[in-house]
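Colleague: Sharing a model prediction with you, sequence too.
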Amino acid sequence: MKQAILTILSRLVTSMKAASVPFHHLVLPIIKGAVEPGSDTQVYLLDDALDLWANILIQTPAPASPELLQLAPYLFSIFELGSENLRTALDITSSYFLLAPSEMLSDEMRKPLISSLSTLVGYVKADASGTVNNLVELIIRAAEGIGGEAAISTIASDLVESKFLNKQLEGLRGSWVAHCTTGPLAKDPLVDGIVETDYLSVLARVLMGSETVFLQAVQAAAPSIPLSDTATQPSLDDTMKWLLEEWFSHFESIGDPSRRKLMCLAITKLLSTSQPFILGSLQSLMTMWTDMVNEIREEDGPIDSDTLVYESMDQLRNTDSDVPEAPEDERRRALTFADPVHNVRTTQWIKHYLQTVIQAAGGQEAFQNEWLINVDKDVIAAFGTLGIM
């Protein structure tokens, strides 16, 4: 009967939307009783309680009540269960970050959360891996929105300290090594497909937040390179060379245009560093730029048109404006609209960073003689048709 009651409550919350808030004081204790460790009813009610919890968060307008926030720490014990409830628990965590980002970014919540997420890297299926990495992307973006580069630095430190970033870079390097082997000596990649895209998306979000923080984090988390019976910590230049090689190689395997654009914007931003590892990748960069601009250009539209850019949040609405919606729908729309993927024109972004690096190199002629000379003429010609340089 309790399971049936929870199911009915969940449907009522969904139907009432924001109007369900006055009933939280009746419902939240029921959820707490089912999710707290050692509860006698957890075995029977956990599934239904999590569904109810998820629906309450979706239908709650900001700000969140203290009672609702006090439930959040119980998520950690659910992560440890590693059961089929993991996906729902991750979705609930994402809802919390959308509803109350400042509270979720506190040391008391953020550090144990990232530590818990780190234990899942490499040990969950592809779909759950996507949910984990999407959550980390959300954490990075929430931090940037509240505290800028300083907050990004804090999150990056947590990702390094918890070994989250280390595990991802180890997986990416293993894939790079595998892709460098052929024939009888060929190795299977440690990560591939959508999982590799998820890993690279987290790196892209850190890089979009701050290229300086990104390079510091990569250097701190880079896997050591085995040499005979010992291991040595690689230089940043060595790490970035194999990482960019793998990144460009995987770019062609990414099916989602939004993900491809995220990668394109992030890698392009590295030009601001004027480092040899990115300037030496000009040919791959120009090939990526040409493909990306042509892919998202409006049919018969100007060269700087971008089909992934939204002019207003109304374009993201799935229902008519007079149809009531869940408060979280509006939060997610705002998050998407604020994403550089959807508010930055790719050609303008490329042009800005290309001009920046040309000036840093000493002008067009110096840039041509030192770096552009190493790029195939056909690649330069194809890129030239875009009119960006």
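Modeller: Thanks, I have it. Here the structure is a predicted model, which means the values were calculated and not measured. Numbers count the residues shown, from 1 in each chain.

Colleague: what comes up buried for the strand or helix carrying residue 49?
Modeller: Element membership of residue 49 [criterion: DSSP states H and E] is helix 42-58. By 16 or more other C-beta atoms under 10 Å, the buried positions in helix 42-58 come out as 42, 45-58. Placement of C-beta: from N, CA and C, glycine included.

Colleague: which helices and strands sit right next to the helix or strand following that helix?
Modeller: Scanning forward in sequence from helix 42-58 by DSSP H and E, the next helix or strand is helix 66-69. Helices and strands touching helix 66-69, by 3 or more C-beta pairs under 8 Å, 6 or more residues apart in numbering; DSSP states H and E, are helix 24-35.

Colleague: for the helix it packs on, the distance to its chain's centre please.
Modeller: Taking C-alpha atoms, centre = their mean, to the nearest Å, the mean C-alpha location of helix 24-35 is offset from the chain mean by 32 Å.

Colleague: which of the buried residues of helix 42-58 lies closest to residue 148?
Modeller: residue 57 (26.5 Å; C-beta to C-beta).

Colleague: From residue 337, how far out is that closest one?
Modeller: Distance of residue 57 to residue 337, computed by C-beta to C-beta, to the nearest Å: 21 Å.

Colleague: ok, now residue 170?
Modeller: Per C-beta to C-beta, residue 170 is found 35 Å from residue 337.

Colleague: who has more neighbours, these two?
Modeller: residue 170 (19 against 16; other C-beta atoms under 10 Å).

Colleague: Grab the nearest non-local neighbour of residue 80.
Modeller: Of all residues not flanking residue 80 in the chain, residue 116 sits nearest, at 7.5 Å (C-beta to C-beta, 6 or more residues apart in numbering).

Colleague: remind me which residues of the stretch 201-350 of the chain are low pLDDT?
Modeller: 226-231 (pLDDT under 70).

Colleague: if we go to 90?
Modeller: In the predicted model, the stretch 201-350 of the chain carries pLDDT under 90 at residues 223-234, 298-304, 312-325.

Colleague: Start from the N-terminal end of it and give the helices.
Modeller: For the stretch 201-350 of the chain, the helices defined by DSSP state H, counting those that start in this stretch cover 211-221, 236-251, 257-269, 276-279, 282-296, 327-337, 340-343, 346-360.

Colleague: Direction-wise, compare the longest helix seen in the chain with helix 211-221 and give the angle.
Modeller: The residue-count maximum for a helix in the chain (DSSP state H) belongs to helix 126-161. Orientation check (axes from the mean of the first three to the mean of the last three C-alpha atoms, to 10 degrees): helix 126-161 against helix 211-221 gives 90 degrees.

Colleague: ok, the residue nearest the centre of the chain - contacts?
Modeller: Among the residues of the chain, the one closest to the centroid is residue 137, at 3.0 Å (C-alpha atoms, centre = their mean). Contact analysis of residue 137 by C-beta atoms under 8 Å, 6 or more residues apart in numbering lists 201-202, 205.
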